[in-house]
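Peer 1: Quick one, what's the 3D model for this:
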Amino acid sequence: MRSKLFVPASRPELFAKALASAADALSFDLEDSVAPTRKQHARADLRGLLMSDDALNSDKTLIVRVNAMHTPHFNFDLGAIALNGVSLINLPKTESVDDVRAAAVALEAAERANGVASPIRLLLTIESPRALRLGAELALAHPRVAGLQLGLGDLFEPLGIARRETAAIQQALFSVRIAAGHAGVFAYDTAFADIGDVSGFRAEAGRAQAFGFIGKSCIHPSQIAVANEVFRPSDEDIQHAVRVVEAARDADRNGVAAYVVDGRMIDPPFVERARILVHDAARLGLLSKTQRASLGI
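Peer 2: As a prediction, this is how the structure comes out:
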């Protein structure tokens, strides 16, 4: 999920274009981009799309950002869009363990009512000081939590922190990544509002990738290619990871705990990272036939 394209649910004319885009995931929004008077119509339009063959046959990860739990729209949202084919519900304004658990219970009820076969998981947005402080607790609140997503606009603006202040961004990235790592879930990067600043988007995506985030939110199709490029494992990294996994297999067979690959000392944490990278490369179709055969993939 290198790239996740934001799609307002109140803009059905954009649905087909989004499905045809190069984004790994689509995040249909029922929250901030939809005016209160348009919520019901947007919900109905999105439900129609999600039940269509175009959506059900899509290879994209389909996500819906619902309205916050303590709004009158939340349960209506879940009832309409908790459907087969939806992978994640993006829960905004998450601030308490109780809210996460209540959301999971409500989601399960909506799934039962709609006959959903595979459980839909939760992506929690970290966009307040409290949520940032409680990140790990929120991520551990329920097994349905799949990841934490950083929301810098809502986090920074009320505090008067400049949105592009590098030191502040790095601290937020680190906090969310450590919380996600503690809970064993993924970390996902925030949106970048300046559509015309390609270099700024690339720099911010690169920073998130260096902090271990798996991808970046895109608010315009022009940002997709950059996100896909930045979060794509390099050929050099893939080759090194394959060699590490192969060496780890031989080391396990011979009872060796630490060894050297490409001049680097390797022990269990490096092996785990290499296995994750190899898994990602295989999923993206980046392994050669020889590599797949060597790894038994």
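
Peer 1: only C-alpha atoms for contact and neighbour calcs from this point on.
Peer 2: OK.

Peer 1: Any regions of the chain where pLDDT drops low?
Peer 2: Within the chain, no range satisfies pLDDT under 70.

Peer 1: tell me the centre residue of it?
Peer 2: The residue at the geometric middle of the chain, judged as the C-alpha nearest the mean C-alpha position with C-alpha atoms, centre = their mean, is Tyr188 (4.5 Å).

Peer 1: check which helix or strand covers that one.
Peer 2: strand 186-188 (DSSP states H and E).

Peer 1: Adjacent strands (with direction) for that strand?
Peer 2: Strand 186-188 has these partner strands in its sheet, going by DSSP bridges: strand 145-150 (parallel).

Peer 1: ok now the following helix or strand past the partner strand, how far from the chain's centre?
Peer 2: Per DSSP H and E, the first helix or strand lying C-terminal to strand 145-150 is helix 152-156. The chain centre lies 18 Å from the centre of helix 152-156; the measure is C-alpha atoms, centre = their mean, to the nearest Å.

Peer 1: Please spell out which residues along the helix or strand just after helix 152-156 are buried.
Peer 2: Using DSSP H and E, the helix or strand that directly follows helix 152-156 along the chain is helix 166-183. For helix 166-183, a neighbour-count test (16 or more other C-alpha atoms under 10 Å) marks Ile169, Ala172, Leu173, Phe174, Ser175, Val176, Arg177, Ile178, Ala179, Ala180, Gly181, Ala183 as buried.

Peer 1: angle of helix 166-183 against strand 145-150?
Peer 2: Counting by axes from the mean of the first three to the mean of the last three C-alpha atoms, to 10 degrees, helix 166-183 points 170 degrees away from the direction of strand 145-150.

Peer 1: Show me how the record splits the chain into domains.
Peer 2: Listed by automatic domain parsing, the domain ranges of the chain are 3-230, 235-295.

Peer 1: Name the stretch among those domains that sits most buried.
Peer 2: When you average the neighbours per residue for each of these (mean count of other C-alpha atoms under 10 Å), domain 3-230 leads with a mean of 19.

Peer 1: Check the offset of that domain from the chain's centre.
Peer 2: Its chain's C-alpha centre and that of domain 3-230 lie 7 Å apart, by C-alpha atoms, centre = their mean.

Peer 1: Straight-line length of it, end to end?
Peer 2: 10 Å (C-alpha to C-alpha, to the nearest Å).

Peer 1: And the strands in the stretch 151-297 of the chain?
Peer 2: Assigned by DSSP state E, counting those that start in this stretch, the strands in the stretch 151-297 of the chain fall at 186-188, 216-218, 259-261, 264-266.

Peer 1: Many thanks, I have nothing further to ask.
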